[in-house]
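A.B. asks: Mind folding the following:
(one chain, ligands or ions: 1)
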Amino acid sequence: MTTIRAILATLTCCVALSGVAFGQEDDPAAEAMDFAMHDAAYTMYHEIGHLLVGELGIPVLGKEEDAADALAVILLLNDQDDEIEAFNTLIDSADGWYFNAVKSTGSGVEDFSYYDEHSLDIQRAYAMVCLMVGKDPQEFRETAEIYEFDQQRQDDCAYTYDQAHTSWDALLEPHTVTDTPGAEISVVYEEAGDYTEFANELQSREILEKAAAVVMNRYVLPGPVTFRAALCGQANAFYSPSESQITYCYELAENMYGLYLNDIANAGDEDTEEE
Ligand SMILES: [Zn+2]
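C.D. replies: Model (predicted):
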């Protein structure tokens with residue numbers, strides 16, 4: 001992914017892919033809201049990775065941020081309730097990291113946060129796609145090809161997925177719900193002010209509730225936990241070990257909504273016109 005041509009080629013493909021996934025190609029606002037809500041669901045699963053590390057004392061080898069990304073992908077890839085929605089969530093979330101990276105490419109390599117606790121956005125996108133095609137080579141072949149994974153790399157990702165899945169499974173197995181459930185997760189949606197449109201969408205799709213159910217149905221939490229959607233003053237999400245709380249910021253939903261409308265939908269249109 002080193003040339004403008006390559007980036008534009010990928011832009012065209014990813015937008016087309018998203019359009020197919022949603023079936024709402026004529027309604028950019030609805031597509032953008034789907035995109036933002038898919039990213040919100042992914043973000044909650046990522047924060048659940050931090051939550052399980054913090055609440056259950058799970059050991060982590062390597063970057064915790066990478067481990068949390070891996071758990072988010074594993075949980076979504078194994079979602080039995082709504083596989084299509086889970087797969088669309090994964091594709092959109094990978095695209096989110098990818099397009100965030102494309103957006104910042106013009107600032108020059110010296111502006112990237114190499115010291116950050118997170119891997120670079122572009123690395124997070126490719127790591128996600130590797131786990132996806134590693135788990136399900138047929139379902140995600142097209143996505144992997146759009147991301148320019150050659151066949152050998154696609155094949156190798158099967159090992160990457162198996163290792164991540166087996167590792168998380170081994171660590172979580174002692175905490176799996178058998179007879180007695182663990183502590184409850186409370187879900188709170190705070191007032192959203194100017195972001196009420198996004199708060200309503202999060203609530204109607206039960207993004208936080210579904211994430212909470214995944215944790216409570218599978219793992220025994222030692223104490224009560226809160227999943228909170230709130231205004232934070234920044235587009236982000238956090239797990240607080242001291243409060244046993246995950247906070248999803250409404251600003252992040254608006255940020256991803258804007259990314260789709262400004263940097264993904266438009267990029268696809270411009271590229272199409274050039275052809
Ligand atoms: Zn994180």
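A.B. asks: The stretch 151-275 of the chain: strands as residue ranges?
C.D. replies: 185-189, 225-230, 237-240, 245-249 (DSSP state E, counting those that start in this stretch).
A.B. asks: Distance from the chain centre to the second one, please.
C.D. replies: Using C-alpha atoms, centre = their mean, to the nearest Å, we find the averaged C-alpha position of strand 225-230 to lie 18 Å away from the chain's own average C-alpha position.
A.B. asks: Likewise for stretch 118-128?
C.D. replies: 11 Å.
A.B. asks: Stretch 175-191 too?
C.D. replies: 21 Å.
A.B. asks: before we move on, what about stretch 203-211?
C.D. replies: 15 Å.
A.B. asks: can you list contacts of it?
C.D. replies: Met37, Ala40, Ala41, Met44, Tyr45, Ile48, Val187, Tyr189, Leu202, Phe227, Ala229, Tyr248 (C-beta atoms under 8 Å, 6 or more residues apart in numbering). The way it works is simple: take the backbone N, C-alpha and C, and place the C-beta from them, glycine included.
A.B. asks: Reformat those as JSON lines; add distance to His165, pLDDT and neighbour count.
C.D. replies: Converted to JSON lines, the contacts of stretch 203-211 look like this (distance: C-beta to C-beta, whole Å; pLDDT from 0 to 100; neighbours: other C-beta atoms under 10 Å):
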{"residue": "Met37", "distance to His165": "26", "pLDDT": "97", "neighbour count": "22"}
{"residue": "Ala40", "distance to His165": "24", "pLDDT": "98", "neighbour count": "26"}
{"residue": "Ala41", "distance to His165": "20", "pLDDT": "97", "neighbour count": "27"}
{"residue": "Met44", "distance to His165": "20", "pLDDT": "98", "neighbour count": "25"}
{"residue": "Tyr45", "distance to His165": "14", "pLDDT": "98", "neighbour count": "25"}
{"residue": "Ile48", "distance to His165": "16", "pLDDT": "98", "neighbour count": "25"}
{"residue": "Val187", "distance to His165": "27", "pLDDT": "98", "neighbour count": "19"}
{"residue": "Tyr189", "distance to His165": "32", "pLDDT": "98", "neighbour count": "18"}
{"residue": "Leu202", "distance to His165": "28", "pLDDT": "98", "neighbour count": "24"}
{"residue": "Phe227", "distance to His165": "24", "pLDDT": "98", "neighbour count": "23"}
{"residue": "Ala229", "distance to His165": "29", "pLDDT": "98", "neighbour count": "27"}
{"residue": "Tyr248", "distance to His165": "25", "pLDDT": "98", "neighbour count": "25"}
